[in-house]
Each structure stands twice: as C-alpha cells, then as structure tokens.
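Sharing a model that was predicted from the sequence below.
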Amino acid sequence: MRIEIEGMPHGVPAGTYDVEPVQVIQNAGGETVMRMRFKPQPPPEKPKEYLLVEVEQDWARHTMDRLPELAGITDVTVHGKGCCCKNCPWGGNHG
C-alpha cells in the first residue's frame, strides 16, 4: 500500500502528525493508494508579558472595555485596590 499526503508543509521533519483520510483508490498498476490530508498545526503560543496599569476608579470599567481593541492584548481584568495578581512583579498585595 502506498500513502500520499497532501498539504504537508515543506521541510517538516519526520514524526507523528495529525492527518485525515481523503480517499482510498487503486492506481493504474493495481496498487492500493490511501490519500491523506495533513491537518495544519496551530502556531506556537507567543510569550506574554503582564502590564500593570493604574486607572482612576471611575474610569476602570471604561478602560477595561477599550483595552481589548488594541493589538496584542489577550486579557483584561479589573482588580481591587492594590496589586492582587498571582503574577505580581512585587510579590503580593501592596495597596
């Protein structure tokens, strides 16, 4: 049996990849050929940084609603007074 895989990116090293069956045929020489399609892999996750922004209390919700419109922002959360985030660069609550 011969296996043909379509959509295999150029330069992909040997290994285990997700493929989906497309069809099984008999070629002109009577050989069974299984055609498969390479499932593209998601791109690797980009490293992230945390940005602490201090905002006047009256503007917190408004600012939170607007920030996701900016490129590269993946999450916005309003915290209480001081820093309470587990990723706090200062290591705890400094309100």
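Received the coordinates, thanks.

Which strands and helices lie in contact with the lowest-mean-pLDDT helix or strand in the chain?
In the chain, no helix or strand scores lower on mean pLDDT, DSSP states H and E than strand 2-6, which sits at a mean of 74. In terms of contacts (3 or more CB pairs under 8 Å, 6 or more residues apart in numbering; DSSP states H and E), strand 2-6 is packed against strand 32-38. (Glycine included, C-beta is placed from N, CA and C.)

could I have the helix or strand following the strand it packs on exported to PDB, CA atoms only?
With elements assigned by DSSP states H and E, the helix or strand that comes after strand 32-38 is helix 60-66. In PDB, the C-alpha atoms belonging to helix 60-66 read as follows (Å, rounded to 0.1, in the frame of the first residue of the first chain):
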ATOM      1  CA  ALA A  60     -11.700  51.400  35.400                       C
ATOM      2  CA  ARG A  61     -14.600  49.700  33.600                       C
ATOM      3  CA  HIS A  62     -14.500  52.100  30.600                       C
ATOM      4  CA  THR A  63     -10.800  51.500  30.200                       C
ATOM      5  CA  MET A  64     -11.200  47.700  30.600                       C
ATOM      6  CA  ASP A  65     -13.800  47.700  27.800                       C
ATOM      7  CA  ARG A  66     -11.500  49.700  25.500                       C
END
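
Now find how far off-centre helix 60-66 is within its chain.
Centre-to-centre, helix 60-66 and its host chain are 25 Å apart (CA atoms, centre = their mean, to the nearest Å).
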